[in-house]
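In: My questions concern the predicted model and sequence given below.
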Amino acid sequence: MARTLLAIYPHTARRYDEMLAADGTVRPHWRQFFIHLDSVAPDEMHRRLDFVDRRIQENGVTYNVYADPNGADRPWALDPLPLIISPEEWAEVSAAVAQRATVLNAMLADLYGEQKLLADGLLPPALVYGQHGYLWPCQGIKPAGGTWLHQYAVDLARSPDGKWWVIADRTQAPSGAGYALENRLVVSRVFPEMFRDLHVQHLADFFHDQQDGLAALAPVEGDEQPHIVLLTPGPYNETYFEHAYLARYLGFPLVEGQDLAVRGETVYLKTLRGLKRIHVILRRQDDDYCDPLELRGDSALGIPGLLNVARAGRVVIANALGSGLLSSGALMGFLPAICRKLLGEELAMPSVATWWCGEKPALEYVRENFDDLVIKPAYPTQRMDPVFGHELKGEAREEMLRRIEARPHAYVAQEMVNLSQGPTWSRSHERRLLARPVGLRAYAVATPDGYSVMPGGLARVATGASDRIISMQRGGSSKDTWVLTNGPVSDFSLLKPSLGVRDLVRAGANLTSRVVENLFWLGRYSERFDDSARMLRVALSRVVESAGEKTPALISAMDMALHLRILPTPEEDTKIKEGSEHVLLEAIYDPDQPGSLAGNIRSLLWSATHVRDRLSLDHWHSLNRLQREQQTALKTHPTLPEAIAFLDRVLSVSSSLTGFAMDNMTRDDGWRFLIIGRRLERLSFLAQTVANFLSMSSSRGSGSLEWLLELSDSIITYRSRYSRLPELLPVLDLLVFDNSNPHGVIFQAEVAARYLERMARELGEESGSPLPDVLGRLRTFDLAVLERVRLGQCQPNSPCAELAGLLWELDAAAIQLSDWLGMRYFTHVGDVSRQTMAL
Amino acid sequence: MAKTPVRYHVLHETTYDYGSHVSLSQQQLHLSPRILAWQQIEEQRIEIRPTPNWRRDGQDAFGNPVTWIAFHAPHEMLFISSAMTIAVRPHLPDNLEKSVPWDELRDRLAYDATAPAPEDLEATRYLFESAHVRIKHELADYAADCFPPGRPVLLGAQALMTKIFKEFKFDPEATTVSTPVMEVLEKKRGVCQDFAHLMIACMRALGLAARYVSGYLLTHPPVGKPRLIGADASHAWVSVYAPGFADPWVDFDPTNNLLPDTEHITVALGRDFGDISPLRGIILGGGGAEPEVAVTVTPLDEAVAPVALAVAPNDKPAAPAGGPASD
């Protein structure tokens, strides 16, 4: 056994240590875990760390990446060691958090109602009327159950004496509960025995309380089931991963503003099957962006008219619009008196000492004690990083003081907190614990019986040993939080809920039009990416085989890639002929070149990002692999063999994507649109390919039919049927007419037509598809007329030109159908509401 | 000065010709006038074409009547007419120099951890920054010479009004609805809305309460000419908090350098234009969305009936309207 991990773990009196007592011994509630940790072999620990990294990466747990699939990846940072909290201590913390949520809710009720706090002088008007977060149009709106604050988070820190303090309140749309859940799922697998033996409280009950709390308030009529959605600002948001993750976990559809529509005093979800009433909106979108009619008019994210639905009491918005107001740090100093007034009790957990500069005596104190204070904005809508007084010298200090004096009410000063420290596992040593400052974000949700507090939370870790600020934006890390219990652990899990027969739901009836649209494009892009990868592999292999020669097969393959617009139209013909290799590599790797593989991968990831909550985790893993492949390739200058190997890998990812779509997705309307998208894209590709092949003069060159079979992934079938060199007639039969070949033209058209008909029937509509007509003519085409046809001699009016013409018609029908689906079923993302104003 | 009320008929017509179908539209109307101690509404009617699919009437947080309407069916034009008969009593304050010294009032409005007088608390709604009224120290500097220590607040406000009137040029081309106050201060140009916002921002920068008033102004046709229909426009001015007067809010019109009396008709009060813009909407579809706005204010005891304008009076109604009174 190596020396104990404690040997070089720094022990300091300046900070409270979560794991070590003042005398340097391990605290009782950490002991069992520490002994275990001390006994794990370095190799084993390496494997566990790898598991954490892999899991984070494959689940695509990110903080701010989804805005741009090509952008810098920022995976979620997770330290595998949990923050452990004893049952006794948690009882106090949890009661204090619940009390704080209760008093903040009562404050919202007062400030959007009677405003007795202002009349009594318990709160300065500047902190209410002076805040842009005070939403005047929301005054007088009384939400169901008197609940404004449905979800609340609070940042806690522990001072050197071991007491917990409140650093900040999060009342707008607090983030992190989903990350806490994901951390739990990972860390409980890193230390499964410890997790079981220590009696760690589970998190599922908390989320169940949230579901119940929202459902209980839903303004349902008659026997309506409460219909709850999670509103996200969209994939650009830094915590979009969490929105999708929570939506899936809680079983709420993930919607964007444009998925919702107000008619009169009701808000609806726009689904494929018409408007469906929504009773509750769990929002992760800031409140002032929620209704452009009455709030910020410049926002396209909102739902025009939503406020009037809230006024009529016909929707619960969680949190209520206007709740962001209470995230202001300036309120903290006033909270003890407010708590006494509103709840008739003392505030259980103190806030870190905070001075609002808008009060004269406070301003003087700040001036005199500047070195010991952190300056922060008073209003959450202000963008400003905290400033440490002692770090400001000379002119910078004077400038800051001038700014404060010019607008004192806009600033608060807080006492500096020496955060407690906890052990983290060093990534750069063989076997070592580091001591890092930690803070805890705790969560509460409203239930009919008061606030329920998550037993645990998101522990956040600073990067450096002496850091005073913990921020995920600044590269901080996170931890799971283990709250131990003396009693039995509830084994309730949302992942295996117990539902009755009447709760059963078959195939999502509430698919939003936007989701359907994105699934359709996901289908099209995944096929398009597959097609272009195949075409490029065909051409690249011919370059390798020809060893510098211009073989007939290479010339025809390059011709085809040009016709299919996978290669850009050359300015001079010679350029292509001379530098096939260079042109092909660019068509693979340059995302900005139209039609390139990299561009197609980007589009595919983009559409996948928009329906991420609909994809299984494995499905998502494959997409992430694809993105990683591409990002790695971008950084290197690949050689030809490397490029071919890359194409092999992306094609294998592509087939696993297809597999997931076929195997793992529910057969609902969304899936059908995905498949229709895929089939229409492939139909268009195959029809164009064969039509071009028939017309190109270069296709008579030897070896061309071979690559045509390779391109359509039909070479195995052909060989098993004919066991001889490819000839035109059997190849055409296989690629066009054989309706059992999944890479054949007629097969695509038939499958697409079948799904379209079925959908039209279920939606009670006429199918407007132009496919059956062309398909019928193609079926009756007499193959015998092609018996004497030679390749590369397709004269006008000849039978082969007739076949090419039919294929072009089919291609046109596929495109027309795609447009028609867009018109009929999709939301038209481009159609954005706009504001008008008249004097 | 007449002791009896002056009666008016006001017609405020807004027409949107969208050019193509608008499939969905929601509008918020601040077109119905509020009742004031000196202002009585005898009759008021809003006419909307096409007929909205939904309508709700209420009151906003500042006590103004507000109407929301929604259209769910495609339409190519929207016409809203607000017609009212209204009586305005003379209400000029007696003696501006009797008002409370401005620095005393400033300290009184500042928070001191005690319960404020209800009247003062009400005034603090109009004490802070709002979307169209950002507060910068340059604004306090600009107003400083109007507010020497101990000067009665209303005399200070009057001096500030006159300063703005003298130093700024009325210019409808210079600004738009969203021009920030600081830009107006720099350009020294603008329209009634800009001057009102500027004066409010200066007052608030000094720690005083001021609110934005929207309404109408009686204009006077040239001698011997008949009044033209639609020649007027909506107007905006400022109301300053001065406790101790019968009405603690006193109006100032910096565009015309006068204290509004019976020729100003109040529609709504708010922190700034954003709270009470007459017609604010969200539409889906449509081509152009520039409205035509026509306002006619007719004194009911006037002998000559107004005549219709031959041409639409307001080519660019998106720019804030409301010119200086012609007298």
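Out: Great, that's in hand.

In: what about stretch B:46-61, start to end distance?
Out: In stretch B:46-61, first residue to last residue: 21 Å (C-alpha to C-alpha, to the nearest Å).

In: Okay, buried residues for that stretch please.
Out: Buried residues in stretch B:46-61, counted by 16 or more other C-beta atoms under 10 Å in any protein chain shown: B:46, B:48, B:52, B:54, B:60-61. Backbone N, C-alpha and C define where each C-beta goes, glycine included.

In: filter those residues by proximity to chain A?
Out: Contacts with chain A within the buried residues of stretch B:46-61, counted by C-beta under 8 Å from any C-beta of the partner chain: B:54, B:60-61.

In: Report the central residue of chain B.
Out: The structure's chain B has its C-alpha centroid closest to B:S214; by C-alpha atoms, centre = their mean the separation is 1.8 Å.

In: thinking A:H132 is in contact with A:T381, fair?
Out: Yes: here A:H132 lies in contact with A:T381, judged by C-beta atoms under 8 Å, at a distance of 4.7 Å.

In: Could you pull up the residues touching the residue nearest to the centre of chain B?
Out: By C-beta atoms under 8 Å, 6 or more residues apart in numbering or on different chains, the contact set of B:S214 is B:30, B:234-236, B:266-270, B:273, B:276, B:278.

In: Out of those, who's the most crowded?
Out: Among the contacts of B:S214, B:H235 has the most neighbours (other C-beta atoms under 10 Å in any protein chain shown), with 33 neighbours.

In: Secondary structure element holding the residue lying closest to A:P641 once chain neighbours are set aside?
Out: Once flanking residues are discounted, A:P641 sits nearest to A:V544: 7.4 Å by C-beta to C-beta, 6 or more residues apart in numbering or on different chains. For A:V544, the element it lies in under DSSP states H and E is helix A:513-546.

In: how far is that helix from where the chain is centred?
Out: Between the centre of helix A:513-546 and the centre of its chain there are 24 Å (C-alpha atoms, centre = their mean, to the nearest Å).

In: what's the following helix or strand after it?
Out: Going down the chain from helix A:513-546, the next helix or strand is helix A:552-563, by DSSP H and E.

In: Summarise which helices and strands that following helix is packed against.
Out: Applying 3 or more C-beta pairs under 8 Å, 6 or more residues apart in numbering or on different chains; DSSP states H and E, we find helix A:552-563 packed against helix A:513-546, helix A:573-578, helix A:580-589, helix A:669-695, helix A:704-711.

In: Please spell out which residues along the third one are buried.
Out: Residues A:580-581, A:583-589 are the ones in helix A:580-589 that count as buried (16+ other C-beta under 10 Å).

In: Closest to A:T658 out of those?
Out: Proximity of the buried residues of helix A:580-589 to A:T658 was ranked by C-beta to C-beta; the top entry is A:I588 with 20.6 Å.

In: which ones are touching the closest residue to the closest one other than its chain neighbours?
Out: Of all residues not flanking A:I588 in the chain, A:L597 sits nearest, at 4.8 Å (C-beta to C-beta, 6+ apart). Going by C-beta under 8 Å, 6+ apart, A:L597 touches A:529, A:532-533, A:536, A:566, A:587-589, A:647, A:650.

In: would you turn those into TSV with distance to A:A691 and pLDDT?
Out: Converted to TSV, those look like this (distance: C-beta to C-beta, whole Å; pLDDT from 0 to 100):
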residue	distance to A:A691	pLDDT
A:F529	22	91
A:S532	18	93
A:A533	21	94
A:L536	20	94
A:I566	16	89
A:A587	21	89
A:I588	25	89
A:Y589	29	86
A:L647	25	91
A:V650	26	88
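
In: residues touching A:F206, list them.
Out: Residues near A:F206 by C-beta under 8 Å, 6+ apart: A:443, A:445, A:452-455.

In: Could you rerun that using 10 Å?
Out: For A:F206, the contacting residues are A:177, A:180-181, A:443-445, A:452-457, A:494, by C-beta atoms under 10 Å, 6 or more residues apart in numbering or on different chains.

In: Same check on A:F693?
Out: A:556, A:559-560, A:563, A:699, A:704-705, A:707-708, A:711, A:728, A:731-732, A:735, A:791-792, A:794, A:804, A:807.

In: Determine the set of other helices and strands touching whichever strand or helix holds A:L806.
Out: Following DSSP H and E, one finds A:L806 within helix A:799-825. Under the contact criterion of 3 or more C-beta pairs under 10 Å, 6 or more residues apart in numbering or on different chains; DSSP states H and E, helix A:799-825 touches helix A:513-546, helix A:669-695, helix A:728-732, helix A:745-762, helix A:771-779.

In: Tell me how many other residues crowd A:Y825.
Out: Using other C-beta under 10 Å, A:Y825 is surrounded by 17 other residues.

In: Equivalent analysis for B:W237, please.
Out: Residues lying near B:W237 (other C-beta under 10 Å) number 28.

In: Next: A:G487.
Out: When neighbours are counted by other C-beta under 10 Å, A:G487 registers 8.

In: Please tell me I have it right and it contacts A:P455.
Out: No: under the criterion of C-beta atoms under 10 Å, A:G487 is not in contact with A:P455, lying 11.7 Å apart.

In: Show me whatever sits in contact with both of the two.
Out: Shared contacts of A:G487 and A:P455 (C-beta under 10 Å, 6+ apart): A:87, A:201.

In: out of the buried residues of helix A:580-589, who's nearest B:F79?
Out: A:A587 (56.7 Å).

In: wait, what's in contact with that closest one?
Out: Counting by C-beta under 10 Å, 6+ apart, A:A587 makes contact with A:532, A:535-536, A:539-540, A:561, A:566-568, A:593-599.

In: farthest pair in those?
Out: The distance between the two most remote of the contacts of A:A587 (C-beta to C-beta) is 19.2 Å, for A:L540 and A:P594.

In: Between these two, point out the one with more neighbours.
Out: In this view A:L540 and A:P594 are compared by other C-beta under 10 Å, and A:L540 has more residues nearby, 25 against 11.

In: If you tally nearby residues, what's the number for A:H150?
Out: A count of neighbours around A:H150, defined by other C-beta under 10 Å, yields 27.

In: my read: it touches A:I317, true?
Out: Yes: at 8.7 Å, A:H150 counts as touching A:I317 under the criterion of C-beta under 10 Å.

In: shared neighbours, those two?
Out: A:143, A:280, A:282-283, A:323.

In: Make sure B:T296 is indeed in a strand.
Out: Yes: looking at B:T296 with DSSP: H, G, I helix; E, B strand; the rest coil, it is inside a strand.

In: Mind listing the residues bridging to it?
Out: On the basis of DSSP bridges, B:T296 is bridged to B:L11.

In: That'll do, ta.
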